[in-house]
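Colleague: This is the structure alone, sequence omitted:
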């Protein structure tokens, strides 16, 4: 009457103890913790973003009327941008192969603009370069100790900040997820050979595990508020942007000089503060409403 | 330049706080906590089970050679029985509709015999009585405050304990899931109009949230160890069971009387202890070899 099945007693011993693997499940409902968001200067202020010349031009040409172009009214936000947004409650759930119980992928849903992502954990390669580019791109995940490192390619061009700063569709985004007890941390690093001169490390974001969190839908309804004639692409010609951050005669309440607001790699580092102090301060302070940040 | 999307700031206030709904997310990886398992007497001891005459006859007919019948070597355990077992590592996932973010179902997987269960949360109706019966049955879930009530019907006949006592395929199983912070509790109530004379409440089971838990496969490989002739259905005729619990002449280390080991509704209650003391004690005490439990 011996059983051919692995003895329940043996399993009990094995399973009642917690394993010592560094890998950890990130599935669940995660509520974002309040934090300083990436980008807190005036609208058009690129300080801290390592824009290349091309990135600078792309940002200068951006017009707020973009939001009113019918095709862009419900423009999705990319997964990596939605992570940074204030409405970033996130849910992860695993896709597990039944027979082997191996993790095939994590699926993620973020509240901000209802972005979804799939993080393939089964070692599959990225598709060829000419494959479809999407808002969330194609992501693979690998463990580095207790940190899940997600590498995303095949992205569409998307916001770094919603005031003209873009990353290109050639970008690779690396997101480092780390669970510390009931807290989840994400650090996003962008490698953009087109618009950025060096990798950009986005501020670290934190969530707390919250099984009582409710994830609502986030619908977007297209409605015409300001008509942009069909066929028109809103833009500013070089040097003609009226955004306050790009006006050399204006400053914010911190007296940020004009030059750092153009961005660039050196503006990312604390050492730049000393240099900023030597730069001329614009005479006129912009109204508070022009401090747009995101 | 007004954005038509639902205003951010309203959402921030709404979402940065935890939801006040009593419903709580049960998804995640759950490690079982050690506990006394249901059934700790001798093989064939039905004390504490509300068996009626039909249930007792079914139990007494059961022979251990059932395990050797090829068709039963890899017999699945029902969801409600696997919950109780020692290797009841549990994973619960949520199936959520994208557009509405409504919970459609919870999907559970137990390591013990790889049992899976869908708990439909979308208010769908049960199938008709004649629909297919399965090991996990058809389950719907409803919230009573912060307790999820899983009600399963359309079950196959399955073990109550693994040596004869069964619930029938007409049973309704109600599982009350309650999350208490990091802990998950399940209380199982079996309503069986065929084998029970009263509902049976299985002991409460506890798990702890463990994002480090690894759920390996639980394969079963059929192998012939003791040949049971093809076409034979191992059984005992009434009054001929060889299980020690059904032998009036032997008792366990607690001196449990024979009458109590026949089960029945009254044996479930503490008041029965006083009655048991009035019964004669069988003269022969079996050692540990006769005491099995599950």
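Modeller: Arrived safely. Everything numeric here is computed off the predicted structure, so don't read it as measured data.
Colleague: Return the residues in contact with residue A:22.
Modeller: Neighbour list for residue A:22: A:143, A:145-146 [criterion: CB atoms under 8 Å, 6 or more residues apart in numbering or on different chains]. Where you see a C-beta, it was placed from the backbone N, CA and C, and this is true even at glycine.
Colleague: The spatially closest residue to residue A:116 that is not a sequence neighbour pairs with what?
Modeller: Once flanking residues are discounted, residue A:116 sits nearest to residue A:109: 5.1 Å by CB to CB, 6 or more residues apart in numbering or on different chains. Beta bridges link residue A:109 to residue A:91, residue A:116 when assigned by DSSP bridges.
Colleague: count of neighbours near residue 74?
Modeller: Going with chain A. 14 (other CB atoms under 10 Å in any protein chain shown).
Colleague: Let me rephrase: I mean chain B.
Modeller: Neighbour number of residue B:74 under other CB under 10 Å is 14.
Colleague: right, and it touches residue B:223 too?
Modeller: No. Residue B:74 is beyond contact range of residue B:223, at 9.8 Å (criterion: CB atoms under 8 Å).
Colleague: Around chain B, which positions in the stretch 51-200 of chain A sit nearby?
Modeller: Contact residues, the stretch 51-200 of chain A versus chain B (CB under 8 Å from any CB of the partner chain): A:64-65, A:67-68, A:73-74, A:85-87, A:89, A:91, A:93-94, A:96, A:98-101, A:109, A:111, A:113-114, A:116, A:179.
Colleague: May I have the predicted confidence score for the residue of the stretch 51-200 of chain A found nearest chain B?
Modeller: Closest contact between the stretch 51-200 of chain A and chain B, by CB to the nearest CB, is at residue A:64 (4.4 Å). pLDDT, residue A:64: 92.
Colleague: check contacts around the closest residue to residue A:164 other than its chain neighbours.
Modeller: Closest residue to residue A:164 apart from its sequence neighbours, by CB to CB, 6+ apart: residue A:62 at 3.0 Å. Contacts for residue A:62 (CB under 8 Å, 6+ apart) come out as A:163-164, A:166, A:235-236, A:241.
Colleague: how about the helices of the chain, start to end?
Modeller: Chain wasn't specified; assuming chain A. A:8-16, A:53-61, A:79-84, A:272-276 (DSSP state H).
Colleague: Hmm, no, I was thinking of chain B.
Modeller: Under DSSP H, chain B gives helices at B:8-15, B:53-61, B:70-73, B:79-84, B:272-276.
Colleague: Which of the ones you listed has the highest mean neighbour count?
Modeller: Each of the helices of chain B was scored by mean neighbour count; the highest is helix B:79-84, a mean of 26, by mean count of other CB atoms under 10 Å in any protein chain shown.
Colleague: Contact residues of the stretch 151-294 of chain B facing chain A?
Modeller: B:179, B:210-218, B:220-223, B:225-226, B:294.
Colleague: Can you tell me which of those are buried?
Modeller: B:179, B:210-216, B:218, B:294 (16 or more other CB atoms under 10 Å in any protein chain shown).
Colleague: I'd say residue A:235 and residue A:64 touch.
Modeller: No. With contact defined as CB under 8 Å, residue A:235 does not reach residue A:64; the gap is 10.8 Å.
Colleague: So those two - more neighbours on which side?
Modeller: Comparing residue A:235 with residue A:64 by other CB under 10 Å, the one with more neighbours is residue A:64, at 19 against 13.
Colleague: Residue of the stretch 151-294 of chain B nearest chain A, please.
Modeller: Residue nearest to chain A within the stretch 151-294 of chain B: residue B:211 (3.9 Å; CB to the nearest CB).
Colleague: mind checking pLDDT for the residue lying closest to that residue once chain neighbours are set aside?
Modeller: Ranked by CB to CB, 6+ apart and with sequence neighbours excluded, the top spatial neighbour of residue B:211 is residue A:25, at 3.9 Å. Here, the pLDDT recorded for residue A:25 equals 95.
Colleague: Kindly report the same for the one 5 residues further on.
Modeller: What the model reports for residue A:30 is a pLDDT of 96.
Colleague: For it, give the beta-bridge partners.
Modeller: With beta bridges defined as DSSP bridges, residue A:30 has these partners: residue A:90, residue A:209.
Colleague: if I pick the most centrally placed residue in chain B, what's in contact with it?
Modeller: Centroid-nearest residue in chain B, with CA atoms, centre = their mean: residue B:80, separated by 2.5 Å. Going by CB under 8 Å, 6+ apart, residue B:80 touches B:152, B:158, B:173, B:175, B:188, B:190, B:202.
Colleague: Verify the stated contact: the fifth one with residue B:175.
Modeller: Yep, that's residue B:188 we're talking about. Yes. Using CB under 8 Å, residue B:188 is in contact with residue B:175, at 5.1 Å.
Colleague: Common neighbours of those two, please.
Modeller: B:80, B:83.
Colleague: that older thread, which residues touch the residue nearest to residue B:211?
Modeller: With contacts defined as CB under 8 Å, 6+ apart, residue A:25 is in contact with A:94, A:179, B:28-29, B:211-213.
Colleague: Can you read off the backbone torsions of it?
Modeller: phi -70, psi 130 (degrees, to the nearest 10).
Colleague: how far away is it from residue B:233?
Modeller: Counting by CB to CB, to the nearest Å, the separation of residue A:25 from residue B:233 is 44 Å.
Colleague: Can you list the low-confidence ranges for the chain?
Modeller: With no chain named, the answer covers chain A. A:1-21, A:36-40, A:288-294 (pLDDT under 70).
Colleague: To clarify, I was referring to chain B.
Modeller: For chain B, the ranges with pLDDT under 70 are B:1-21, B:36-40, B:225, B:287-294.
Colleague: all strands for it, in order.
Modeller: In chain order, chain B shows strands spanning B:28-32, B:90-96, B:103-110, B:115-120, B:138-144, B:147-153, B:158-159, B:166-167, B:172-180, B:183-191, B:200-209, B:250-251, B:284-285, with DSSP state E as the criterion.
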